[in-house]
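S.K.: this one's structure only:
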């Protein structure tokens, strides 16, 4: 019975890891959205947001949810939560639905509603994404899903990671680790490093089936290339243990060293162990 229980425990651990990684994705996405400057070095979305004179209110009744009575933002994702895009079900003719990504609706979002959402966001995908995070703070997950999916469809990595988090936790959508992994994969392919880290954990633990050390290492390496210390550490472990790749202590030392320089104390210890065992 102990042997039979082991896979169950491992799956529970994997589920916990991917949920934690999902939260890290959202936090990283908020930071990305708030600080990203455009190619001309113009003001960041945060600076533009602070200059807005009006305060938009949430009218999300059309999405099947009641507007929150009181704002209670979570400390993990600080947001200017009083600023919201107004949601309507009537699309304008001036903001057609984006067509740069395939229409692979997961939450059943009507294309006209999607167009209206983005139009109400003023064409600012980062501002639209932050609205999604704000609705997550309010636990209005179905509405958040509409914002996240709308931004994901036009290839905004943090938005895809936001959808992945909702599916991983079963918030506003039916829980599905398979769908979570699909959205993490898309976000990672777009270049959002935190999603690659989550993807790596999912593959390493076999969250949707058999574990794939090879795919896990590939995802961890992509995240490491984006300077995520934990990803470098995980990739280092793969080379130490020979998981998904041949054992290569020298390569492991390089990865641990990079993570150590980014203040990962665990990586610093592992780097010393590798050097000692040479």
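M.R.: That came in fine, so what should we check first? All values reported here derive from a predicted model rather than from experimental measurement.

S.K.: can we go C-alpha only for contacts and neighbour counts from here?
M.R.: Noted.

S.K.: correct me if wrong: residue 129 contacts residue 148.
M.R.: Yes. Between residue 129 and residue 148 there is a contact at 6.0 Å, judged by Cα atoms under 8 Å.

S.K.: identify the contacts common to these two.
M.R.: residue 159 (Cα atoms under 8 Å, 6 or more residues apart in numbering).

S.K.: for the stretch 51-200 of the chain, which segments count as strands?
M.R.: For the stretch 51-200 of the chain, strands defined by DSSP state E, counting those that start in this stretch do not occur.

S.K.: low-confidence ranges, it, go.
M.R.: 51-111, 113-114, 118, 122 (pLDDT under 70).

S.K.: all helices for it, in order.
M.R.: With helices called from DSSP state H, counting those that start in this stretch, the stretch 51-200 of the chain shows them at 111-120, 125-137, 141-153, 157-169, 177-190, 193-205.

S.K.: which strands or helices does the last one pack on?
M.R.: Contacts defined by 3 or more Cα pairs under 8 Å, 6 or more residues apart in numbering; DSSP states H and E place helix 193-205 against helix 2-35, helix 177-190, helix 213-225.

S.K.: between the following helix or strand past the shortest one and helix 193-205, how big is the angle?
M.R.: By that I understand helix 213-225. Downstream of helix 213-225, the first helix or strand assigned by DSSP states H and E is helix 229-241. Relative orientation of helix 229-241 versus helix 193-205 (axes from the mean of the first three to the mean of the last three Cα atoms, to 10 degrees): 30 degrees.

S.K.: contacts for helix 229-241?
M.R.: By Cα under 8 Å, 6+ apart, helix 229-241 touches 197, 213, 217, 220-221, 223-224, 244-249, 251-256, 258-260, 262-264, 266-267.

S.K.: buried set for the next helix or strand along the chain from it?
M.R.: On the C-terminal side of helix 229-241, the nearest following helix or strand under DSSP H and E is helix 249-261. Buried residues in helix 249-261, defined by neighbour count with 16 or more other Cα atoms under 10 Å: 249, 250, 252, 253, 255, 256, 257, 258, 259, 260.

S.K.: just the mean pLDDT for helix 249-261, thanks.
M.R.: Averaged over helix 249-261, pLDDT sits at 96.

S.K.: so that helix versus helix 229-241, what angle?
M.R.: Going by the same axes, to 10 degrees, helix 249-261 makes 160 degrees with helix 229-241.

S.K.: where among the helices and strands packed on helix 193-205 is the average confidence lowest?
M.R.: helix 2-35 (a mean of 56).

S.K.: got JSON lines for the buried residues of helix 249-261, with distance to residue 171 too?
M.R.: Below are those laid out as JSON lines (distance: Cα to Cα, whole Å):
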{"residue": "249", "distance to residue 171": "42"}
{"residue": "250", "distance to residue 171": "43"}
{"residue": "252", "distance to residue 171": "38"}
{"residue": "253", "distance to residue 171": "40"}
{"residue": "255", "distance to residue 171": "35"}
{"residue": "256", "distance to residue 171": "35"}
{"residue": "257", "distance to residue 171": "38"}
{"residue": "258", "distance to residue 171": "36"}
{"residue": "259", "distance to residue 171": "33"}
{"residue": "260", "distance to residue 171": "35"}
